[in-house]
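# From the sequence below, what's the structure:
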Amino acid sequence: MRRNSIAAFFIVITTLIFALPGVAQSRYVFWKEWDVLIDNVDVVNNRFDVTESYDIDFSGQFRFGSAVIPLTNLTTIRNVSVSENGRALERECSERNGTFCVENTSDGLSITYYFFNPIDNDSQRFEIRYTVEGALRIYEGGDQLWWVAIPPEHFGFPIGSATITVEMPAGYGPREGVDPVETYGAPGQINVQGTTITAIATRQIEGDESFEIRVQYPHHPDAQPASWQASFDEQRNYDERTRPLLDLGLIAISLLLALGGVVGLYALWYMRGRDPQVGPVPTYLTEPPSALRPAIAGTLLDETADMRDVMSTILDLAQRGYLVIEEQQTEGLFGIKSNSFTFKRSDKATSDLQAHERRLFDALFSSGRMERTLESLRNSFYRVVPTLKSDLYSALVTESLFTTSPQTTRSLYSSIGVVLLVVAGLFMCAASELGSDLSNALFCVPMSLGAVGFLALITGQYMPAKTRNGAEEAAKWRAFREYLVNLEKYADVEQAASKFEQYLPYATAFGLDRAWIRRFASLSNAPIPNWYYPTYLGGRYRGGYTAGTPIPRPNTLDLARAPGDGLSLDNVSSGLSGGLENISNGLTSMLDSASRAMTSQPQQSQSSGRWSSGGRGWSGGGGFRGGGSGGGSRGFG
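Here you go, the predicted model:
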């Protein structure tokens with residue numbers, strides 16, 4: 001029984017899989033013919049009749065049709081009637097077969113008609129007739145009839161053939177050489193025979209194409225324009241004459257803003273942001289070129305005070321005898337070893353420390369402490385980091401390397417960039433409210449301002465300019481950094497090992513600490529900094545270092561023969577930098593910037609057909625499509 005149920009389930013599923021595509025494609029409409037007749041044109045009282053005739057092939061089952069005609073650019077629509085195969089439907093809103101309902105909706109006049117009987121895979125003819133009032137346009141040079149006979153919305157279904165026929169009253173046919181006649185949308189061919197104008201689509205009309213006609217005829221002196229015409233003509237005149245000039249002007253202003261901003265920022269950088277040119281500098285220097293402390297040298301090179309400069313200061317203070325870094329190692333679960341570090345003061349006086357060194361030292365050993373674990377810094381040390389960085393920037397000015405703090409310069413240009421972005425954002429909001437009515441090119445102005453603001457944010461990072469002394473110092477320190485980077489190229493590593501401890505703070509400030517440590521770790525006799533106490537090795541390190549006492553004389557140990565894997569210069573770098581960087585990461589924020597895109601509309605197309613004997617200029621109402629009365633949508637369900 002269970003197997004029979006499973007088999008039945010798969011049969012149903014398989015049937016649905018093959019049946020659903022057929023169901024999805026079973027409902028289809030093809031207008032074999034869609035003809036529109038415009039007659040009974042009253043040129044004085046401004047009205048005419050429209051008859052829409054459809055000859056349709058239906059695939060699938062349908063029970064009603066719909067037509068929605070916008071009430072824009074006309075006064076009203078009345079006298080609606082609907083017939084099916086020549087048989088009139090009754091007007092009532094009951095949804096009963098053989099009736100039709102007419103309602104005013106937000107989209108326009110809605111006509112819904114219910115077939116006498118549902119149509120299933122059959123052909124049928126329908127006719128919708130109505131009277132339009134106030135759709136004729138009145139101009140002294142010639143009045144106009146402009147009607148969207150076939151709207152672009154016919155639910156994606158194609159139209160095999162379409163004809164628009166306009167029958168004007170006697171004496172009001174288009175004049176040769178004076179009155180133009182044009183079609184818009186699908187390509188059309190126009191024939192004028194006296195007062196009868198015929199427009200025929202020259203190919204099948206696709207599912208999203210329209211077909212409309214515009215006819216000019218002699219002006220009647222008693223004709224009165226509809227109430228909507230004045231505002232339409234005013235807007236049309238603005239759209240076709242003023243708006244293009246305004247668009248062009250706004251685009252020109254935007255280009256000038258963008259170009260001027262780019263040129264201006266480049267000029268500022270060229271005059272105030274470039275470092276002075278210096279004379280020849282050696283490719284590399286084997287000794288620090290001046291007495292600059294490592295953190296100041298590192299900040300000078302990249303013009304940014306960061307955590308590696310703070311790290312270099314800790315190592316520099318240790319190297320100069322102000323503190324000792326003691327390392328303990330414990331073995332935990334599964335033999336996993338963990339390292340911890342403690343900073344301990346020596347007996348050396350601190351009266352000669354520079355400002356950034358003094359602040360760092362006081363932060364490490366606050367409240368008279370003689371020692372401090374690295375772990376204890378995690379929730380407190382971050383508070384002093386911004387001030388430490390500020391001290392380093394101030395040191396650059398004190399040492400006459402910069403006239404102004406690089407951070408101050410960057411902040412100034414960042415502020416300018418932010419202000420421009422805010423103004424651009426406000427302008428963009430205003431443009432979104434006014435753009436469609438005034439000019440879409442309004443969006444170009446805030447786009448340009450925003451681009452300049454964003455560029456100012458970027459340019460500001462390159463605006464700090466060194467003094468001549470600063471440029472010369474930077475060139476020399478870059479040469480020293482080159483030596484540290486390519487030590488094997490310029491010196492013998494074993495001979496350079498004596499400089500390991502002295503140059504480690506500089507390597508740290510330059511971001512080379514790990515590579516510098518590993519470079520010497522493989523030597524047979526590498527100098528171990530006397531300020532580094534790995535207590536887990538035993539020997540002279542067994543009892544650790546007693547804070548406040550003199551630091552013992554330097555020693556040289558054999559790294560390759562160190563017991564176990566505990567003694568590793570890499571631990572110094574990874575442990576300290578990892579601890580402090582974890583603190584700084586939680587305080588670092590990044591600003592995300594977004595650009596706005598300008599929306600644009602496709603250019604309105606010209607006529608799809610023109611009466612060869614007609615005039616070339618319209619008497620009013622503009623020269624482009626998009627302003628006709630009628631249209632809307634037609635469909636079935």
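# Off-centre distance for stretch 464-472?
For stretch 464-472, the distance from its own C-alpha centre to the chain's C-alpha centre is 38 Å (C-alpha atoms, centre = their mean, to the nearest Å).
# cool, and stretch 53-63?
Remark: stretch 53-63 is offset 46 Å from the chain centroid, using C-alpha atoms, centre = their mean.
# Could you pull out the buried residues of that stretch?
Buried positions in stretch 53-63, judged by neighbour count with 16 or more other C-beta atoms under 10 Å: 53-58, 62. Quick note: C-beta positions are derived from backbone N, CA and C, even for glycine.
# Narrow those residues to those in strands?
Among the buried residues of stretch 53-63, the members falling in strands are 53-58, 62 (criterion: DSSP state E).
# Could I get these in CSV, plus columns for distance to Gly617 and pLDDT?
Output for these, formatted as CSV (distance: C-beta to C-beta, whole Å; pLDDT from 0 to 100):
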residue, distance to Gly617, pLDDT
Ser53, 33, 96
Tyr54, 35, 95
Asp55, 37, 96
Ile56, 39, 95
Asp57, 42, 94
Phe58, 45, 94
Phe62, 46, 95
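# Quick check: of these, which lies closest to Ser629?
Nearest to Ser629 out of those is Ser53 (C-beta to C-beta; 19.3 Å).
# Run a quick neighbour tally on Phe636.
Phe636 has 22 neighbouring residues, counting by other C-beta atoms under 10 Å.
# ugh, wrong one, I meant Thr286
The local packing of Thr286 (other C-beta under 10 Å) involves 15 other residues.
# That one contacts Ala491, doesn't it?
Yes: using C-beta atoms under 8 Å, Thr286 and Ala491 qualify as a contacting pair, with a distance of 6.5 Å.
# Find residues that contact each of those two.
With contacts defined as C-beta atoms under 8 Å, 6 or more residues apart in numbering, the residues adjacent to both Thr286 and Ala491 are Tyr483.
# Settle this for me: Phe100 is touching Arg91, isn't it.
Yes: using C-beta under 8 Å, Phe100 is in contact with Arg91, at 5.8 Å.
# which of these two has more neighbours?
The neighbour count for Phe100 versus Arg91, taken as other C-beta under 10 Å, is higher for Phe100 (24 against 14).
# and the more buried one, what does it touch?
Contact criterion C-beta under 8 Å, 6+ apart gives 80, 82, 89-92, 111-114 as the residues in contact with Phe100.
# and if we set it to 7 Å?
Shown in contact with Phe100 (C-beta atoms under 7 Å, 6 or more residues apart in numbering): 82, 89, 91, 111-114.
# Look through this structure and tell me its longest helix.
Under DSSP state H, the helix in the chain containing the largest number of residues is helix 406-438.
# by contact count, what packs against that helix?
For helix 406-438, the elements it packs on are helix 385-398, helix 444-460, judged by 3 or more C-beta pairs under 7 Å, 6 or more residues apart in numbering; DSSP states H and E.
# Relative to Asp42, which of the ones you listed is closest?
Of all those, the one in closest proximity to Asp42, counting by C-beta to C-beta, is helix 444-460 (47.0 Å).
# any idea of the angle the closest one forms with helix 406-438?
Helix 444-460 and helix 406-438 meet at an angle of 170 degrees, taking axes from the mean of the first three to the mean of the last three C-alpha atoms, to 10 degrees as the criterion.
# which of the ones in strands among the buried residues of stretch 53-63 lies closest to Gly173?
Relative to Gly173, the closest of those is Ser53; by C-beta to C-beta it sits at 23.1 Å.
# got the ones in strands among the buried residues of stretch 53-63 as a markdown table, with distance to Val43 columns?
Supplementary listing: these in a markdown table, determined by distance: C-beta to C-beta, whole Å:
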| residue | distance to Val43 |
| --- | --- |
| Ser53 | 24 |
| Tyr54 | 28 |
| Asp55 | 31 |
| Ile56 | 33 |
| Asp57 | 38 |
| Phe58 | 39 |
| Phe62 | 39 |
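# pretty sure Glu357 belongs to a helix, no?
Yes: assessed by DSSP: H, G, I helix; E, B strand; the rest coil, Glu357 belongs to a helix.
# Before I go, just wanted to say thanks for your time.
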